[in-house]
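# Sequence plus predicted model, see below.
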Amino acid sequence: MASKKNPHRDLSLKDDPAVTEIPLACASEPHAVEFLEAMRGWDTNPYCARCGSVNVYQMSGRDGSRNARFLWRCRDCSKHYTVRADTVMEDSRIPLRHWVLGFWRVCSSKKGVSALEIRRQTGITHKSALFMLHRIRWALADDNTKPLGGFKMAVEADETFVGGKPRHKGTKRNPRQSTKVPVMAVVERGGNVHLQRIPRVTARHLGKVLYERTDPRSVLCTDEHPSYKSVGKHFSGGHYSTNHSAYEYARGPVHSNTAESVFALLKRGLHGIFHSVSKHHLHRYLAEFQFRWNTRDIRDSERLQKAVKASVGKRLRYAESAP
Ligand SMILES: [Zn+2]
C-alpha cells in the first residue's frame, strides 16, 4: 500500500492493470496495436491523425475482423492511417511489438536499456535497435521551457564531465586534449531537473543555461566553482555555495546534493548500460535521463503512457536523423 508520506513511492505492480497487458503487447502485433491505440486514447476517443476529426472508423477485412494492416479511415479527409501516424514510429518498419518493448524498457529501467539488449530480446538488428531507441529518446526530449525554481525556491546547479578518456590524461597545459564533455544540471529542489551539454565550464555558458532555465527569484546553490560568482548575482534570492575542496558538502539547506544524485545516476547509466556514448548522441541520453528523473514519482506504466503520448507530433522521415 502507498505510504502516507509519499503516495507514489510504494506503488506495487499488483495495483497496476497495464502491467498484465505489457508482456502481451510486446509479444503479439495485434495486442501491440491495441495497446498503443489505448495509450493514445483511441480506445475511447479515436481521432484522425491527419486532420484531427473524430469522424473516423476502424477498417475491417472481408470476414468482418480487423483489417490486416490495422488501418483506420477518416470520413472527413478520407485518409487512411494507423496508430503509427504522426509519431516517431511512422516511416519505420520495425514491428510495433518491438516499439512497445523499447518504450517499456526505457520507461521501466532505472538506468535505461542498451540497443544490444533490445537486439537480443527482439531479434532486430543492432542498427535498428539503435535507431528505435534514439527515436524514443527524441520523443522524450522535453520541450517544456517553464523555468525551474521560483520565489525563494532552492535551485541547484552543478557540472560534471562525462565520456571519453580520464580527464587528466591530457597535459595540464592543454586540458582540451581531454575527450570528456561537460554536462550541466540545473535542479529545482524536490522538482524537475534540466540536463544540458555545455561547450565549456565558463561563466558565460553556465550563465546562459541558468538564465534561460530558471526563475531569477530563486535561491541558487552551487559548489565553489568561481564561474558561478558572477552568475549568482543574477538571482534575487541570493547565491550560496559550499566549499567542496574543503570537504564541505552541505551547510544546512546550502548544498548541491540533488544535482550530484542526478549525475550519479547518469554516470552509472552511461558506464554500466551504454558503455560508451558518442558526443554526437549525448544529448539524447541526457533527454532520456531527464525524462526519467522528472517522472520519478509516477508508476512505470504511467511513465510509459506519457512517453507514448510525447511521441505524438514527432514524425520523422526514415532518412532524416533525429535532431
Ligand atoms: Zn482526417
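Noted; the coordinates are in hand. Treat the numbers as computed from the prediction; the structure is a model and nothing was measured. Numbers count the residues shown, from 1 in each chain.
# near the ion, which residues of the protein?
The chain has residues C48, R50, C51, S53, C74, D76, C77 near the ion, with proximity defined as C-beta under 5 Å from the ion. For every residue, glycine as well, the C-beta is placed using N, CA and C.
# Emit the PyMOL select command for whichever of those are buried.
A single PyMOL command suffices to select whichever of the residues of the chain next to the ion are buried according to 16 or more other C-beta atoms under 10 Å:
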select buried, resi 48+50+74
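# In the stretch 51-200 of the chain, where is pLDDT below threshold?
Applying pLDDT under 70 to the predicted model, the residue ranges of the stretch 51-200 of the chain that meet it are 164-178.
# could you show me where the helices are in it, in order?
Taking DSSP state H, counting those that start in this stretch as the criterion, the stretch 51-200 of the chain contains helices spanning 96-108, 115-122, 126-140.
# Give me the distance between the shortest one and the centre of its chain.
From the chain centre to the centre of helix 115-122 is a distance of 20 Å (C-alpha atoms, centre = their mean, to the nearest Å).
# So that it lines up with my notes, have the first residue be 160 from now on.
Will do, 160 is the new start, and the previous item becomes helix 274-281.
# tell me the angle of that helix relative to helix 285-299?
Taking axes from the mean of the first three to the mean of the last three C-alpha atoms, to 10 degrees, one finds that helix 274-281 is oriented at 110 degrees with respect to helix 285-299.
# Helix 274-281 packs against which elements?
Contact partners of helix 274-281 among helices and strands, from 3 or more C-beta pairs under 8 Å, 6 or more residues apart in numbering; DSSP states H and E: helix 255-267, helix 285-299.
# For it, buried residues please.
By neighbour count, with 16+ other C-beta under 10 Å as the criterion, the buried positions of helix 274-281 are A274, E276, I277, R278, T281.
# swap in stretch 302-315?
By neighbour count with 16+ other C-beta under 10 Å, stretch 302-315 contains the buried residues P306, L307, G308, M312, A313, V314, E315.
# What residues does the nearest residue to the fifth one once chain neighbours are set aside make contact with?
Here the nearest residue to A313 in space, its sequence neighbours aside, is R348; by C-beta to C-beta, 6 or more residues apart in numbering that works out to 4.2 Å. Contacts for R348 were tallied using C-beta atoms under 8 Å, 6 or more residues apart in numbering; they are M312, A313, V314, E315, C380, T417.
# follow-up on the earlier one: pick the most buried one from the helices of the stretch 210-359 of the chain.
With neighbours defined as mean count of other C-beta atoms under 10 Å, the helices of the stretch 210-359 of the chain peak in mean count at helix 255-267, which reaches a mean of 24.
# what helices or strands is it leaning on?
Taking 3+ C-beta pairs under 8 Å, 6+ apart as the contact cut, helix 255-267 packs with helix 177-186, helix 188-198, helix 274-281, helix 285-299, helix 459-469.
# re earlier: could I get the helices of the stretch 210-359 of the chain as CSV with distance to R451?
Conversion of the helices of the stretch 210-359 of the chain to CSV gives the following (distance: least, C-beta to C-beta, whole Å):
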stretch, distance to R451
helix 255-267, 8
helix 274-281, 17
helix 285-299, 8
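# Just the strands from the stretch 360-482 of the chain, written as ranges.
Listed in chain order, the strands of the stretch 360-482 of the chain (DSSP state E, counting those that start in this stretch) span 378-381, 398-400, 409-410, 413-414.
# Also the stretch 210-359 of the chain?
When secondary structure is read from DSSP E, counting those that start in this stretch, the stretch 210-359 of the chain shows strands at 215-217, 231-233, 239-240, 313-321, 340-347, 352-356.
# can you pull the buried residues of the fifth one?
Residues V340, P341, V342, M343, A344, V345, V346, E347 are the ones in strand 340-347 that count as buried (16+ other C-beta under 10 Å).
# So which of the residues you listed is the closest to W201?
Here the nearest of the buried residues of strand 340-347 to W201, counting by C-beta to C-beta, is E347; it sits at 34.4 Å.
# Tell me which residues touch the closest one, please.
By C-beta under 8 Å, 6+ apart, the contact set of E347 is L307, G308, M312, A313, V314, S377.
# Bridged to the nearest residue to it once chain neighbours are set aside, which residues?
Residue nearest to E347 in three dimensions, not counting chain neighbours: L307, with 4.1 Å by C-beta to C-beta, 6+ apart. Note on L307: beta-bridge partners by DSSP bridges are T373.
# how close does L307 get to V345?
Using C-beta to C-beta, to the nearest Å, L307 is found at 6 Å from V345.
# quick one, what contacts the closest residue to H398 other than its chain neighbours?
Closest residue to H398 in three dimensions, ignoring its sequence neighbours and counting by C-beta to C-beta, 6+ apart: G391, at 2.7 Å. With contact set as C-beta under 8 Å, 6+ apart, G391 has these partners: L379, T381, G397, H398, S400.
# Looking at the residues you listed, which is nearest T319?
For T319, the closest of the contacts of G391 turns out to be T381, at 12.8 Å, with distances computed as C-beta to C-beta.
# Kind regards, and thank you for your time.
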